[in-house]
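Asks: 3D model of this:
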Amino acid sequence: VVSQADDFDKDRYHDEIVLVRTLPPSSTTRLVCYYTPERSFRLMPTPKAQARTAWEAGGAEAGWESNQAAYKFVHGRIEFYGKLQAGLILRKFPAPEDRPQDWGMDVLDAGESAGLGGLSLWDGNARVPLFGASAPQAKLTVISPGPVRALVKAEYTGLRTAAGEVGLTAFFSAFADNAASRHEILLTSTAAGEVVYGPALQKLAGETFSADTAKGHLAVWGEGADKAGDIGLAVVFPPSLFAGTEETALDRAVKLKGKPGVKQTHWVVGAWERGITSPGVPAAKNWPGKVADLARRLLVPVKVEFKAK
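Replies: Sure, this is the predicted structure:
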């Protein structure tokens, strides 16, 4: 089984061992794990995940990708690149992003919106965007450059609300052979009680919008960046965290109930009509169904047991 070990806090002790497995419904999968201090070996898999920080001098961006899809974070906004074939492309940057390349193109121009999953906090009823040049800026760190999982950390500190000061750390990751981006959120707060936060999806020209909050997903299909054609955006979240939605002229935000000190997970995913993530024709009709199926698979409970041999 191809795996990788990740050290989150750089203390030279690994915090997580990552592997990617598909679990059939109502099945049991057994993995045998062992450790030897005397010698070691490492499988050298084909890299299928990659992460990096700014590719422009003084840039505020970071990127993470699987062989299926690539994402970037710029001043809190999240955009994505469409790929014509499976492979890794972030190492090719800087490259012209306003026109098609041999591998694909930048298919989402977030503008002033959250893009594909840019985060906000709520101070009472007031939304506080964590994206845009005037918003608080995150400290970006590449935790893992792959090859099985690419992982980027974004840290916001000293976010002031009426109830007290809030800190938010987001872990953005892409796993080999998967198109979705996994977002794990860890909150801290000087006040008691929950903190409301959440991602937002940009509104698209000519869009078709669908939502099933009881099953944990929102999806939109419409026009992408100039010359890109049509794209799809979606967010998947545990329904138990759902606290409502909020719309602006530019995007739709999902409000999630955050519990300080507890890492909580949601996912975003993008699709491109010309690329390997296309839902097929008719795309506007197929995209909600594909997102619903993805939500069902991501949110199914998995029981994990550890037994010593």
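Asks: who does Ser144 bridge with?
Replies: With DSSP bridges applied, Ser144 shows beta-bridge pairing to Leu151.
Asks: quick one: contacts for it?
Replies: 4, 6, 18, 51, 150-151, 173 (CB atoms under 8 Å, 6 or more residues apart in numbering). C-beta here means a position set from N, CA and C on the backbone, and glycine is covered the same way.
Asks: now Ile143
Replies: Ile143 makes contact with 6-8, 51, 151-153, 171 under the criterion CB under 8 Å, 6+ apart.
Asks: in CSV: those residues, plus neighbour count and pLDDT.
Replies: Formatted as CSV, these follow (neighbours: other CB atoms under 10 Å; pLDDT from 0 to 100):
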residue, neighbour count, pLDDT
Asp6, 15, 86
Asp7, 13, 84
Phe8, 15, 81
Ala51, 25, 96
Leu151, 25, 95
Val152, 26, 95
Lys153, 21, 95
Phe171, 19, 96
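Asks: ok, so of the residues you listed, who is nearest Leu108?
Replies: Val152 (17.6 Å; CB to CB).
Asks: so that closest one is in contact with Ala62, correct?
Replies: Yes: under the criterion of CB atoms under 8 Å, Val152 makes contact with Ala62 at 4.8 Å.
Asks: now do the shared contacts for these two.
Replies: Listed contacts common to Val152 and Ala62 are 51, 53, 73, 140, 142, 172; contacts here mean CB under 8 Å, 6+ apart.
Asks: so what's the residue count around Ile231?
Replies: 28 (other CB atoms under 10 Å).
Asks: quick one: it and Gly275 touch, right?
Replies: No: using CB under 8 Å as the test, Ile231 is too far from Gly275 to be in contact (9.1 Å).
Asks: got any residues that touch both of those two?
Replies: Joint contacts of Ile231 and Gly275 (CB under 8 Å, 6+ apart) are 82, 107.
Asks: list the contacts of Gly289.
Replies: So Gly289 contacts Pro279 (CB under 8 Å, 6+ apart).
Asks: per-residue pLDDT, it?
Replies: Looking at Gly289, its pLDDT reads 97.
Asks: is it true that it lies in a strand?
Replies: No: secondary structure of Gly289 (DSSP: H, G, I helix; E, B strand; the rest coil): helix, not part of a strand.
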